[in-house]
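Novice: Need a 3D model of the following:
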Amino acid sequence: MKKLLKYDFFYLWKTQKFTVFAGVFIFFSILSPLTARYLREILEYFLGEEGLGLPIPDPDVYSAYGQYISDMFETVFFVILFVAVAVFIRDKTKGLAQLVFSKPINRTHYLVSKYITFLVLVIVATLVGYLVFSYYTYFLFDELFFAKGLGMMALFVLYIAFISAIALFAAVYMSSYLTAVVVTFGAYIFFSILTILDQVAVIKHFPGSIVQSISNILMDVADTGDVVWNIVFTLLFTGVFVGLAIHKVQQQDI
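Specialist: As a prediction, the model looks like this:
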C-alpha cells in the first residue's frame, strides 16, 4: 500500500497537479473577495447612470464568503470533476491496467491509493486556497469567520470526496473518459435534482444538500442535526460507490 501511495503521489507531483490545483484555488481565493468588494463599483462604471434599476446592498464579509462558495461550486468543482475522472481512468485508457493487475498487487489497495492521493490533493489545495481567501477577506473587510469558514470548507471537501467516489466508480465501470465523465456528471445532476424533495425526511439529507448546509452555516441558521445527518448520508453514499468500484475490479478477469 505504501508503495502504491508513493507512486500515485509521485504521478500527481510529476504531472504538476498539485501546482495546478493550488493555482486554481488561489486564483478564485483572490478573485472572490475582490469581486464581492468591488462588484457595485464595477457595475456602476459600466452601466453609468442607468444602473441595474435595483438597489445593490453594501458589500460585507458575508458577500465575500457567499461569492467564494459560489465560485467553489460553480467553477472549481467542475475542474475537480473532470480531473478526477482523468486520474482514475488513466491506467485503463493507456492500457496499463492489464499490466498492473498481472502483477501480485492488491486491487483494493490499488484503487484506494488513487482515491486517497486525489483527496489529499484536493484537501491541500482547499486549505491553501482558504488561507489565501481569509487573508484577502480580512484585508478588504476587516472581518473574518475563520473557524466557521473551515467548517464550510470541510463540508466542501466531503462533497468532493463523494463526487470523486462517483468518478472512481465511473472510471472502473466505463471504458472511455467521455462516458465516465457523462456518468459522473449525470450522477451529480441526479443528486442535485433530489434537493427539490427536501420535504422528504430522508432525501433532504442526501449529498446534494451539502450546498444548502454550507449556506445555512454561513448565515447561522443551520440545524446541527440536519448537518450531521447530511454528513452521515454523504459518507454512506461515498462508501457505497467506492465499494462498488472495488467489487468490480475484484471481479475482472485480468
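
Novice: Contact partners for the closest residue in space to Ile193 that isn't next to it in sequence?
Specialist: Among residues not flanking Ile193 along the chain, Gly208 sits closest, at 7.7 Å (CB to CB, 6 or more residues apart in numbering). Yep, even glycine has a C-beta here, placed from its N, CA and C like the rest. By CB atoms under 8 Å, 6 or more residues apart in numbering, the contact set of Gly208 is Phe191, Ser192, Ile193, Leu194, Thr195.

Novice: Can you tell me how far the first one is from Tyr159?
Specialist: Translated: Phe191. Applying CB to CB, to the nearest Å, the value for Phe191 to Tyr159 is 10 Å.

Novice: Comparing these two, which residue is more hemmed in?
Specialist: Tyr159 (26 against 21; other CB atoms under 10 Å).

Novice: ok, which stretches of this structure are strands?
Specialist: Using DSSP state E, no strands are found in the chain.

Novice: Let me see the contact set for the residue lying closest to Ser63 once chain neighbours are set aside.
Specialist: Spatial nearest neighbour of Ser63, chain neighbours left out: Ala36 (3.9 Å); criterion: CB to CB, 6+ apart. Contact analysis of Ala36 by CB under 8 Å, 6+ apart lists Pro59, Ser63, Ala64, Gly66, Gln67, Leu140.

Novice: farthest pair in those?
Specialist: Gly66 and Leu140 (14.0 Å; CB to CB).

Novice: what's the burial count for the residue nearest to Phe237 when sequence neighbours are not counted?
Specialist: Distance criterion CB to CB, 6+ apart; nearest residue to Phe237, sequence neighbours excluded, is Pro207 at 5.6 Å. Counted with other CB under 10 Å, the neighbours of Pro207 add up to 27.

Novice: again, but for Leu121
Specialist: By other CB under 10 Å, 24 other residues sit near Leu121.

Novice: Kindly report the same for Val240.
Specialist: Val240 has 13 nearby residues by other CB under 10 Å.

Novice: now do Phe190
Specialist: Count around Phe190 with other CB under 10 Å applied: 12.

Novice: neighbours of Trp229, just the number please.
Specialist: Around Trp229 there are 18 other residues, counting by other CB under 10 Å.

Novice: do you know how far it is from Val221?
Specialist: Trp229 is 16 Å from Val221, by CB to CB.

Novice: do the same with Ala187
Specialist: Look at Ala187 and Val221: by CB to CB, they are 29 Å apart.

Novice: I'd assumed Val182 was in contact with Phe82.
Specialist: No. Phe82 is beyond contact range of Val182, at 11.5 Å (criterion: CB atoms under 8 Å).

Novice: With neighbour numbers in mind, choose between Ala187 and Val221.
Specialist: Under the neighbour definition other CB under 10 Å, Ala187 and Val221 were set side by side, and Ala187 has more, 20 against 8.

Novice: Tell me which residues touch the more buried one, please.
Specialist: So Ala187 contacts Ile166, Ala170 (CB under 8 Å, 6+ apart).

Novice: Check it and give its pLDDT.
Specialist: Listed pLDDT for Ala187 reads 93.

Novice: I'd like the numbering to begin with 57 instead of 1 from here.
Specialist: In the new numbering, first residue 57, that becomes Ala243.

Novice: I figured the residue nearest to Phe293 hits Phe289, correct?
Specialist: Yes. Pro263 lies in contact with Phe289 (CB under 8 Å); the separation is 6.6 Å.

Novice: ok, now how distant is the residue nearest to Ser119 from Ile125?
Specialist: 11 Å.

Novice: What about the nearest residue to Ile179 once chain neighbours are set aside, how many residues nearby?
Specialist: For Ile179, ignoring the flanking residues on the chain, the nearest one in space by CB to CB, 6+ apart is Val213 at 5.7 Å. Val213 has 17 neighbours, counted by other CB under 10 Å.

Novice: repeat for the one 5 residues further on
Specialist: Counted with other CB under 10 Å, the neighbours of Phe218 add up to 26.
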